[in-house]
Every structure is written in structure tokens, then in C-alpha cells.
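Novice: Okay, sequence plus prediction incoming.
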Amino acid sequence: MAIEPDGDHVPQERVPSGISGLDVVLRGGLLRDGLFIVQGEPGAGKTILGNQVCFNHVAAGGRALYLTLLAESHARMLMHIGPLGFFDATVIPSRLAYLSAFGALEKDGLPGLRDLIRREVQARGATLLVLDGFAAVLESSDSARTFKKFINELQTQATLTGCTILLLTTVSSEPTPPEHTMVDGIIELTSRLYGRHAERDLQVRKLRGGSYLRGIHSFDISDRGITVYPRTEAWLTRPAATDGVGGAPVSTGLTQLDSMMGGGLPRHSTTLLVGPTGRARPRSGCISWPPSIRMSPPCISGCTKTRRRSWRRQMPWDSDWMGCAGAAPSSCCGSPPPKASWTRSVSGCSMRSAGAACVGW
Ligand SMILES: Nc1ncnc2c1ncn2[C@@H]1O[C@H](COP(=O)(O)OP(=O)(O)O)[C@@H](O)[C@H]1O
Ligand SMILES: [Mg+2]
């Protein structure tokens with residue numbers, strides 16, 4: 001990674017995978033010139049992911065090379081990929097080329113494979129290389145040293161040619177395979193059973209030079225290819241925009257609640273008070289807040305379940321101070337959120353410096 005003289009880090013350039021959700025998890029995409037491992041058991045979706053990244057890369061103006069080290073023919077692989085939404089036969093072979101490296105590896109070992117990669121990447125001006133069946137390289141290595149040397153050469157190749165490389169492989173039986181310490185990133189695809197139901201999971205295990213959404217994210221494979229669903233709470237941990245509004249929190253008058261919220265309600269924020277019927281939301285909303293909130297800033301309070309008349313009955317303060325308290329709640333606070341999202345709001349309760357807050361009751 002380049003370091004400016006003043007010590008500031010220059011973020012490494014990213015190459016979007018173009019896969020919905022994956023670039024969110026990677027916070028922008030794969031590292032340009034990066035060497036990545038995509039690992040998973042057979043059927044996990046590695047070949048689909050590799051192909052999808054290639055077609056997306058080509059559609060964005062890049063050039064890609066898909067090398068297989070598998071005994072299975074390209075015709076057979078393309079027969080499975082062909083029906084998927086991202087497939088575009090018109091870019092093959094001019095912008096996306098498929099080559100088998102199986103023969104070169106069988107005949108000349110790792111030096112033969114290395115020369116083939118170097119030659120083809122340069123000749124085709126590839127900015128993305130996918131090597132499918134990478135486990136075969138380890139099988140062909142006569143020692144751990146030779147294998148590491150090969151990975152090192154791939155890294156050099158990536159840097160010199162500005163090519164991002166994806167190595168698709170099965171999960172190693174070793175706890176820490178040597179290649180894991182050398183590559184720039186590791187993406188793992190798994191399938192898990194929940195009772196009788198199977199779910200696909202994606203986890204970025206490593207990404208050099210940048211942050212990413214840690215932990216497990218769901219993904220699925222459909223006729224459109226792979227779609228990743230980043231975990232919402234990980235995705236929204238950082239606000240998309242920083243609000244310029246500041247100031248001390250507004251006390252609710254309830255010491256314990258204030259301390260739970262870091263001092264009180266964020267100033268200039270909106271708070272949604274949710275809870276099941278009969279849990280005194282209107283009382284909490286109208287009666288407990290005023291002693292402190294009354295002063296400044298003014299409070300706009302609405303209640304989606306309380307009728308206007310009973311709402312007024314519970315107000316111990318002037319309607320002037322309440323601002324729009326006399327109006328129907330929906331005109332004060334907008335339409336109430338759909339009921340389904342209430343539950344989510346309670347479990348994902350969060351306080352932001354000047355955004356919306358949700359208090360579960
Ligand atoms: N159109 C589709 N809809 C749903 N799942 C699909 C579709 N096409 C392929 N798959 C799934 O993708 C899996 C194969 O993915 P693949 O990338 O070949 O796995 P790997 O390379 O990891 O062995 C199959 O197990 C199948 O379940
Ligand atoms: Mg495969």
C-alpha cells in the first residue's frame with residue numbers, strides 16, 4: 001500500500017465484483033492487483049462466483065481470463081453457466097477467454113503453469129484472472145517451498161500486470177494453509193443446515209489494506225447467479241452520512257434510561273417508542289418526558305395507537321409547547337412504520353448522534 005510522505009494512507013484501488021451485496025461486504029470490491037482465495041466445498045458456488053465476477057468485469061470494460069485446472073471440459077462448465085442471467089456469449093473469447101491449464105500443469109508442472117499464466121495474461125491484456133481448481137497446484141507441488149514460491153510468483157505477476165487474481169479452491173484440511181498467509185484476501189462459501197433447511201453463507205476471512213463487513217452473510221444462487229445479503233446491522237454500523245447537528249443529549253428525566261442512551265435522546269432526533277399493547281407507551285410518551293424535555297428543544301410527540309381525544313386527555317402541558325401535538329399523529333411524525341419493522345426496530349435498537357432512535361418497551 002502506498003504511503004504518502006505525511007503518513008496518510010492512500011486507500012488501495014478496488015475492482016468491483018459487480019455481485020449484488022458482495023461489494024458492500026468488501027466495502028467497494030476486490031483490491032486491484034490483489035491475489036484472492038475463494039474457497040468452499042464442492043457445490044458451494046465457487047465456479048459461479050468466478051464466472052459472474054468475470055462477466056461483470058468485462059461488462060465494466062475490463063478483460064478477463066478464466067483458466068481451469070479441472071479435468072472437466074469448458075463445454076461442460078459453460079453448459080451449467082450458460083442459463084444464468086449474467087452470461088453473455090458475445091464477449092467470449094474476445095474479452096473473456098477460457099483456457100485449460102490442466103495439460104500444462106500435467107506436462108511441465110508448476111513452471112509450465114507459471115509460464116502459461118504469464119504469457120496469456122500479457123497477450124490478452126487481462127485485468128482479471130480466475131484460476132479454477134487451484135487445489136491441483138498444491139497436489140502438483142513437490143514441496144511446501146515450491147508451492148510458496150509459486151504463490152509468490154503469482155503475486156508478482158498480479159502487481160506487474162495490474163491484474164486481480166482469484167484462486168478457486170476447496171477448503172484445506174490444514175488449520176492454517178501457507179497460502180492463506182500470503183494472499184491478500186480470502187472469501188469462504190459454505191452451506192449449513194438449519195434443521196432440514198439449507199442456507200448458503202459467505203464470509204470474508206481476510207482482506208488486506210482495507211476494512212470489510214466481518215462475520216457471516218447469507219447468499220443465494222438463482223437464475224441470476226449469486227446474490228449476497230450483507231447483515232443489516234453490520235452494513236449500517238457506520239452512518240452513510242455524518243449529520244452536522246450536534247449538542248448535548250436531551251434528558252428524558254429518567255436517569256437509568258438516560259444512561260442507557262449515553263446521556264439522553266440525541267438532540268434533533270426522532271424517537272420511536274414501540275412495545276406491545278398495554279405497556280404504557282402513551283403514558284411514557286406523554287407524561288414521563290415533560291419535566292426535562294419541556295424546556296428545550298420543544299418536543300413533537302405522536303402516538304400511532306392512541307385516539308386523538310384520549311391523547312389530548314393525557315397531555316398535561318400546553319398544546320403550544322407541543323407544537324403539532326394537537327394534530328393527528330400521522331401528520332406529526334409521518335406514517336407509522338409497518339408493523340413488521342417494529343420488531344426489527346426493537347431488536348436492532350440504536351442511538352445515532354443526530355438520527356432516529358428507537359426505544360423498545
Ligand atoms: N439456476 C440455479 N438456481 C439455483 N441454484 C443453482 C443454479 N445453478 C446452479 N445452482 C447451484 O450452484 C451449485 C454449483 O455451483 P458451482 O459454482 O459449480 O460450485 P463449486 O464450483 O463450488 O463446486 C449447485 O450445487 C447448485 O445448487
Ligand atoms: Mg467448481
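Specialist: Here it is on my side, so go on. Ligands and ions are numbered 1, 2, ... in the order given.

Novice: so what's the residue in the stretch 151-300 of the chain that ligand 1 sits nearest to bridging to?
Specialist: For the stretch 151-300 of the chain and ligand 1, the shortest gap (Cβ to the nearest ligand atom) falls at residue 221, measuring 3.9 Å. No exception for glycine: its C-beta is placed from N, CA and C like everyone else's. For residue 221, the beta-bridge partners under DSSP bridges are residue 226.

Novice: for the protein, what's the longest helix?
Specialist: For the chain, the longest helix by residue count, based on DSSP state H, is helix 102-124.

Novice: who in the chain is up against ligand 1?
Specialist: 40, 42, 43, 44, 45, 46, 47, 48, 221, 222, 223 (Cβ under 6 Å from any ligand atom).

Novice: Reformat those as CSV; add secondary structure and distance to residue 199.
Specialist: Converted to CSV, the residues of the chain next to ligand 1 look like this (DSSP: H, G, I helix; E, B strand; the rest coil; distance: Cβ to Cβ, whole Å):
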residue, secondary structure, distance to residue 199
40, strand, 14
42, coil, 17
43, coil, 14
44, coil, 12
45, coil, 12
46, helix, 17
47, helix, 20
48, helix, 17
221, strand, 12
222, strand, 14
223, coil, 19
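
Novice: Kindly give a single PyMOL line that selects the buried subset of the residues you listed.
Specialist: Here is the PyMOL command that picks out the buried ones among these, judged by 16 or more other Cβ atoms under 10 Å:
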select buried, resi 40+44+45+46+47+48+221
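
Novice: Identify the residues contacting stretch 73-82?
Specialist: 47, 48, 51, 68, 70, 87, 89, 98, 100 (Cβ atoms under 8 Å, 6 or more residues apart in numbering).

Novice: How about it, which residues are buried there?
Specialist: Buried residues in stretch 73-82 (16+ other Cβ under 10 Å): 77, 81.

Novice: again, but for stretch 85-99
Specialist: 86, 91, 92, 95, 96, 97, 98, 99.

Novice: from the residues you listed, which is closest to ligand 1?
Specialist: Using Cβ to the nearest ligand atom, the buried residues of stretch 85-99 come closest to ligand 1 at residue 86, 11.4 Å.

Novice: Isn't the closest one up against residue 225?
Specialist: Yes - using Cβ atoms under 8 Å, residue 86 is in contact with residue 225, at 4.9 Å.

Novice: Next, show the common contact partners of the two.
Specialist: In contact with both residue 86 and residue 225: residue 52, using Cβ under 8 Å, 6+ apart.

Novice: Name the nearest residue to residue 22, ignoring sequence neighbours.
Specialist: Among residues not flanking residue 22 along the chain, residue 228 sits closest, at 4.5 Å (Cβ to Cβ, 6 or more residues apart in numbering).

Novice: Could you measure from that neighbour over to residue 129?
Specialist: Going from residue 228 to residue 129 by Cβ to Cβ, to the nearest Å gives 22 Å.

Novice: And for residue 98?
Specialist: 12 Å.

Novice: Ok, residue 11 next?
Specialist: 23 Å.

Novice: neighbour-wise, which of the two wins?
Specialist: A count of neighbours by other Cβ atoms under 10 Å puts residue 129 above the other of residue 11 and residue 129, at 25 against 14.

Novice: got the buried residues for the host helix or strand of that one?
Specialist: If you go by DSSP states H and E, residue 129 is part of strand 128-132. Neighbour counts using 16+ other Cβ under 10 Å place 128, 129, 130, 131, 132 of strand 128-132 among the buried residues.

Novice: The following helix or strand past that strand packs against which elements?
Specialist: Using DSSP H and E, the next helix or strand after strand 128-132 towards the C-terminus is helix 135-140. When contacts are defined as 3 or more Cβ pairs under 8 Å, 6 or more residues apart in numbering; DSSP states H and E, helix 135-140 packs onto helix 102-124, helix 144-161.

Novice: what separates residue 203 from residue 131, distance-wise?
Specialist: Distance from residue 203 to residue 131, by Cβ to Cβ: 21 Å.

Novice: Please disregard the earlier target; I meant residue 155.
Specialist: Distance, residue 155 to residue 131, by Cβ to Cβ: 13 Å.

Novice: now swap in residue 80 and tell me
Specialist: For residue 80 relative to residue 131 (Cβ to Cβ), the value is 18 Å.

Novice: ok, now residue 195?
Specialist: With Cβ to Cβ as the criterion, residue 195 and residue 131 are 37 Å apart.

Novice: picking that back up, my guess is the residue of the stretch 151-300 of the chain closest to ligand 1 contacts residue 200. True?
Specialist: Yes - contact criterion Cβ under 8 Å: residue 221 and residue 200 qualify, at 6.9 Å.

Novice: Could you pull out the residues contacting both of the two?
Specialist: By Cβ under 8 Å, 6+ apart, the residues touching both residue 221 and residue 200 are residue 45.

Novice: Look at residue 250 and report its pLDDT.
Specialist: At residue 250, the model reports a pLDDT of 86.

Novice: how far off strand 128-132 does whichever strand or helix holds residue 58 point, in degrees?
Specialist: Assigned by DSSP H and E, residue 58 belongs to helix 46-59. Put simply, helix 46-59 runs at 160 degrees to strand 128-132, going by axes from the mean of the first three to the mean of the last three Cα atoms, to 10 degrees.

Novice: Show me the shaky parts of the chain.
Specialist: Counting by pLDDT under 70, the ranges of the chain that qualify are 1-10, 71-72, 238-240, 243-244, 278-361.

Novice: Strands along that one, start to end?
Specialist: 14-15, 30-31, 35-40, 64-68, 96-100, 128-132, 164-169, 185-194, 197-207, 216-222, 225-229, 270-274, 356-360 (DSSP state E).
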